[in-house]
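# All I have is the shape, not the residue letters:
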Ligand SMILES: NC(=O)c1ccc[n+]([C@@H]2O[C@H](COP(=O)([O-])OP(=O)(O)OC[C@H]3O[C@@H](n4cnc5c(N)ncnc54)[C@H](OP(=O)(O)O)[C@@H]3O)[C@@H](O)[C@H]2O)c1
């Protein structure tokens, strides 16, 4: 059995954009991140009790894991939790591609275990899920989650692990005001009733919901996120405007309110922090209580945008 129950802070920190830092970055976010700046982000988060860090091999092809390990240097391993992923699409052709990919992640992360290990997407649930069992048994991974899996795939993964005395303890799906397919598909309810943590990713739609970007000041030119979101920005203005107004009444920003919404829905947002100020916002978001009326109003404004922010790697739930 998994030795301890998975515990997680109210908000986890995402580091996809950190794969952009330095020359080896993949440029998806078009971000300019420095080692010193990310160290400041880590220090602020750690001292605020935000200690769970989500990464993946494919974020800058190892760069995010490497940069995260550098930024966490000096902290005792017991002071933070690492969450990283097996991505089936880049599996090697050795005898055990899952163990191999994990070994490379452990090396980059400078650790001998991962707190929460994810199957990144449901490429072949019956093939990859059993590979996690020996890794759980020998303590290289402490807890297992599935990402981008629908309810049937989640149930299959859980059944496979269950036969060995383990279980799927967490789900990680795209979930934001603009993209609520996991809620409509009953995955949120399933997680609530089965005591599975639901981690919501892209709560801020990669910056498009923060109010920091708009038609006059779009996302960084040439970045992949700009290609996806810049055309939508005019249609998001009523929503981001309302998020900002609700935030202003509480000394918080639009991004903080979008994050508070995800917490109010019973999820653990994974927020892609790139600046120390973002961490201050997360501390505020934890304390914001939205009324049912505010939640309904924000969701109605989100629906009225008519945009579809499903990622190219996702399928409808
Ligand atoms: N499992 C999966 O398939 C999957 C897929 C996507 C993401 N994820 C995980 O989820 C995490 C979050 O997703 P994401 O990073 O793609 O997008 P996100 O969290 O929706 O947005 C991140 C961007 O929002 C801006 N931002 C963050 N905090 C802010 C704040 N408080 N105020 C204003 N702006 C703020 C930053 O943009 P600027 O740098 O421009 O300021 C940042 O790059 C990822 O890092 C990754 O760990 C998982």
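Here it is on my side, so go on. All figures in this text were calculated on a predicted structure; none of them were measured in a lab.
# could you pull out the strands for the stretch 51-200 of the chain?
52-54, 81-86, 114-119, 141-147, 170-174, 197-201 (DSSP state E, counting those that start in this stretch).
# Sheet partners, orientation included, of the fifth one?
Read that as strand 170-174. strand 141-147 (parallel), strand 197-201 (parallel) (DSSP bridges).
# What residues does whatever residue of the stretch 151-300 of the chain ends up closest to the ligand make contact with?
With C-beta to the nearest ligand atom as the measure, residue 272 is the residue of the stretch 151-300 of the chain nearest to the ligand, at 2.1 Å. Placement of C-beta: from N, CA and C, glycine included. Counting by C-beta atoms under 8 Å, 6 or more residues apart in numbering, residue 272 touches 13-17, 202, 204, 206.
# Could you report the pLDDT at it?
The model reports residue 272 with a pLDDT of 98.
# any chance of the strands paired with strand 170-174 in a markdown table, plus mean neighbour count and distance to the ligand?
Shown next, in a markdown table, are the strands paired with strand 170-174 (neighbours: other C-beta atoms under 10 Å; distance: least, C-beta to the nearest ligand atom, whole Å):
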| stretch | mean neighbour count | distance to the ligand |
| --- | --- | --- |
| strand 141-147 | 24 | 4 |
| strand 197-201 | 25 | 3 |
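# gap between the closest residue in space to residue 54 that isn't next to it in sequence and the ligand?
Spatial nearest neighbour of residue 54, chain neighbours left out: residue 83 (4.3 Å); criterion: C-beta to C-beta, 6 or more residues apart in numbering. As judged by C-beta to the nearest ligand atom, to the nearest Å, residue 83 and the ligand stand 8 Å apart.
# how many neighbours does residue 68 have?
Burial measure for residue 68: 25 neighbouring residues, criterion other C-beta atoms under 10 Å.
# actually residue 220, not the one I wrote
Residue 220, neighbours per other C-beta under 10 Å, totals 17.
# what's the neighbour count on the closest residue to it other than its chain neighbours?
Closest residue to residue 220 apart from its sequence neighbours, by C-beta to C-beta, 6+ apart: residue 30 at 3.2 Å. Residue 30 has 16 neighbours, counted by other C-beta under 10 Å.
# So residue 30 is in contact with residue 222, correct?
Yes - Residue 30 lies in contact with residue 222 (C-beta atoms under 8 Å); the separation is 6.0 Å.
# For residue 307, give me its contacts.
Counted by C-beta under 8 Å, 6+ apart, residue 307 has contacts 178, 232, 235-236.
# make it 6 Å
232, 235 (C-beta atoms under 6 Å, 6 or more residues apart in numbering).
# Could you say which helix or strand holds it?
Taking DSSP states H and E as the criterion, no element holds residue 307; it sits outside all helices and strands.
# all numbers from here: first residue = 41
That works, and once the first residue is 41, the last one we named lands at residue 347.
# Now mean pLDDT too, for the strands paired with strand 210-214, in CSV please.
Shown next, in CSV, are these (pLDDT from 0 to 100):
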stretch, mean pLDDT
strand 181-187, 98
strand 237-241, 98
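# Show me what residue 156 is bridged to.
Going by DSSP bridges, residue 156 forms beta bridges with residue 123, residue 183.
# How confident was the prediction at the nearest residue to residue 98 once chain neighbours are set aside?
Spatial nearest neighbour of residue 98, excluding adjacent residues (C-beta to C-beta, 6+ apart): residue 127 at 5.1 Å. At residue 127, the model reports a pLDDT of 98.
# could you measure residue 127 against residue 117, distance?
24 Å (C-beta to C-beta, to the nearest Å).
# picking that back up, filter the contacts of residue 312 down to the ones in strands?
53-54 (DSSP state E).
# Look at residue 69 and tell me its secondary structure.
Of the three states, residue 69 takes coil under DSSP: H, G, I helix; E, B strand; the rest coil.
# contacting residues for it?
Residue 69 neighbours (C-beta under 6 Å, 6+ apart): 57, 60, 263, 265.
# Would you state the predicted confidence (pLDDT) at it?
91.
# okay, now whichever residue of the stretch 41-190 of the chain sits closest to the ligand: neighbour count?
As assessed by C-beta to the nearest ligand atom, the ligand sits closest to residue 54 within the stretch 41-190 of the chain, at 2.4 Å. Neighbour count for residue 54, taken as other C-beta under 10 Å: 26.
# do the same with residue 202
Residue 202 is flanked by 12 other residues according to other C-beta under 10 Å.
# any idea how far it is from residue 188?
For residue 202, the distance to residue 188 - C-beta to C-beta - is 21 Å.
# Please apply the same query to residue 213.
Taking C-beta to C-beta, one finds residue 213 at 6 Å from residue 188.
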